[in-house]
Each structure stands twice: as structure tokens, then as C-alpha cells.
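J.: sharing a model prediction with you, sequence too.
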Amino acid sequence: MAIIDLININYCYGAGTPFEKQALRNVSLSVAPGDYIGIIGHTGSGKSTLIRHFNGLLRPNSGHVLINGKDIWAKPSLIRSIRFQIGLVFQYPETQIFEDTVAADVSYGPRNMGLSKEGIDLRVHDALQFVGLDDSYLGRNPFRLSGGEMRRVAIAGVIAMKPQALILDEPTAGLDPEGRHMILEQIERFRRESGTAVILVSHSMEDIAEHAKHVIVLDQGRIALSGTTTAIFNQAEQLVHLGLDIPQITKVLLELKKKGYPVNTGATTIDDA
Ligand code: ADP
């Protein structure tokens, strides 16, 4: 069964005011355990609005959000439990760190889930391991860590809730290439080992192409394209038409070609000399 089903979602900011903005139009999609879905689209295409529907942060004007088959808006008491099942990591998640030790910060979610002390400690240990931090970090002050380490602590706090789906909005923004690579590798390992579905929103098509198995392209609040990663990047002309960055598309196609995927180079000039 799917973890998340969105059925014909429409969302409008400021409905009925002069500033009304239709941000999502008839969006339907399904997320199954272990999926790795990349969401791309130019600025303002609706990516942030879309992911805020996955765990009830935004309520659609029409359509249905089903989590494990249940319509979350049919019974508002479902919303609280859904926040533990669907983990959302916002851009610059380190800005949401507020406890004065790493242990307290990462355990915040599990402490609110009715687990035993041992259960909480185990969750914290495992989550830190997934982001490459050992137990020597437990007593440290998160605000004294490097930017990359703080980011990893914040992600560990969401992983510690063992969500069924992990949704990340630009998780690598502002990191150097090594930090970016490390975080994406850790997320991929977490997905593989836990079966958690991952949904990655990124401006970096290279990151999406390297990790996601399925790609959704948003345009003006609609799903313009949806398919396997290779199928989507093979529609280079369409992607350019949707306002996506040509040099990035070219790089992605080159990478896919290097890895031996069938790549349609007819539509774009690929300089692979
Ligand atoms: P993206 O994440 O792809 O950049 P968003 O989901 O942030 O896109 O925005 C989709 C559309 O909704 C844009 O036109 C944006 O200007 C508008 N929008 C986003 N947030 C708000 C808001 N709080 N109030 C009004 N309009 C908004």
C-alpha cells in the first residue's frame, strides 16, 4: 500500500483576496515504501507548497491527502500522529535546533512519542550513526558545531522518529561539495536500510539525477512531467521549455551517459570530448 496518496490537490494562497495565487493545480501522486522521488521545477512552481501537504502543514482547498490509506483531513486528530510518520526537513534545518545538547535535540521527537528511556537512547544513537556522528557528540552543544555538523544533527532529529517517509527541502543548500555529497550519501543509506521513502526537493538537478529513481517536474503548480530519472532527463528540450537550467541538464545527461544509461543526445548538444 502507498504511504502517501495525493488525489487531485488544489491549493490557493489568499483565496478571495486581491492577492489570490493558485499554487497547486490538480496534483495527484503516490509514494510507496522505499521510493526515492526527486521534485524539481523553477522557483515559484509549487515545490514548497506541495511538500507542506504531505504532513498536514497545509490543507488543500480541494482534493484528498491519504496517509496509509486514511484521509488526514477527514479526522483532524490524525494530523498530530502524521507529523511523526512523515518527517519534513526544511531548508536550513539547523535554524530549528533549540536544545543545548545534541542528545536533547535529537531526542525531542522520540520523547514525545511515549517511548521508554532505553528506546529513546537507542533511537538517538541510531539516528546519529546514520548521519555519521558518534556518541561523543551526545553531550556537545549543537550551537558550537560546524555548519555541516549542525545540519546533520537537525536531520538526525527527524530520522530519530523513524518516519515512514522523509521529505527534504534543499537539504544541501549552502554546503560545500564534500558536505553535500556526505549528506546525500547518508540519506540514501538510511533509505536503503530502513525502507523509508525519500522525497528530495532540490535546485540541483545533478543531486536529483544521482540519487532519485523517479522525478516529478512542477510547472505553475501542475505536474508537468513525471517518470523515471532517465526518462525525465531524456526530455531535455521539454525541461528547457519548463525553465530549467541548460548547463545543469547537459551535465546530468553526460553523467547518465557515463554510467551507461541510454541517453538521447539528439535534442541537446553534448560536449563529451
Ligand atoms: P517553489 O517552492 O517551487 O519555489 P512555492 O511553493 O514557494 O514554489 O510557491 C508557489 C507559488 O505560490 C508562487 O507563485 C509563490 O509566489 C506563491 N506563494 C508561496 N508562498 C506564498 C504565501 N505564503 N502567500 C502567497 N503566495 C505564496
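T.: Yes, it's here.

J.: residues from the protein in reach of the ligand?
T.: The chain has residues 13-14, 21, 23, 41, 43-49 near the ligand, with proximity defined as Cβ under 6 Å from any ligand atom. Any C-beta I mention is one placed from the backbone N, CA and C, and that applies to glycine too.

J.: which stretches in the protein count as strands?
T.: According to DSSP state E, the chain carries its strands in the segments 4-13, 21-31, 36-40, 62-67, 70-71, 86-89, 165-169, 197-201, 214-219, 222-228.

J.: strand partners (parallel or antiparallel) of the fourth one?
T.: In the sheet containing strand 62-67, the strands it pairs with under DSSP bridges are strand 4-13 (antiparallel), strand 70-71 (antiparallel).

J.: buried residues in it?
T.: 63, 65-67 (16 or more other Cβ atoms under 10 Å).

J.: repeat for the second one
T.: Burial within strand 21-31, assessed by neighbour count using 16+ other Cβ under 10 Å, is assigned to 23-25, 27, 29, 31.

J.: show me where the stretch 101-250 of the chain has helices.
T.: Taking DSSP state H, counting those that start in this stretch as the test, the helices found in the stretch 101-250 of the chain are 102-106, 108-111, 117-130, 147-159, 177-194, 205-211, 229-233, 236-241, 246-258.

J.: now these as TSV including mean neighbour count?
T.: As requested, the helices of the stretch 101-250 of the chain are exported to TSV (neighbours: other Cβ atoms under 10 Å):
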stretch	mean neighbour count
helix 102-106	23
helix 108-111	20
helix 117-130	17
helix 147-159	23
helix 177-194	16
helix 205-211	21
helix 229-233	20
helix 236-241	17
helix 246-258	16
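
J.: including distance to residue 73 and mean pLDDT, could those helices go into CSV?
T.: Shown next, in CSV, are the helices of the stretch 101-250 of the chain (distance: least, Cβ to Cβ, whole Å; pLDDT from 0 to 100):
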stretch, distance to residue 73, mean pLDDT
helix 102-106, 30, 97
helix 108-111, 23, 94
helix 117-130, 29, 96
helix 147-159, 23, 94
helix 177-194, 28, 93
helix 205-211, 30, 94
helix 229-233, 30, 95
helix 236-241, 33, 94
helix 246-258, 37, 92
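
J.: quick one: closest of those helices to residue 88.
T.: helix 147-159 (7.3 Å; Cβ to Cβ).

J.: so which elements touch that closest one?
T.: Applying 3 or more Cβ pairs under 8 Å, 6 or more residues apart in numbering; DSSP states H and E, we find helix 147-159 packed against strand 86-89, helix 102-106, helix 108-111, helix 117-130, strand 165-169, helix 177-194.

J.: dump these to a markdown table, plus distance to residue 58.
T.: What follows is these, written out as a markdown table (distance: least, Cβ to Cβ, whole Å):
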| stretch | distance to residue 58 |
| --- | --- |
| strand 86-89 | 11 |
| helix 102-106 | 26 |
| helix 108-111 | 21 |
| helix 117-130 | 27 |
| strand 165-169 | 13 |
| helix 177-194 | 24 |
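
J.: which one of the ones you listed lies closest to residue 230?
T.: helix 177-194 (17.6 Å).
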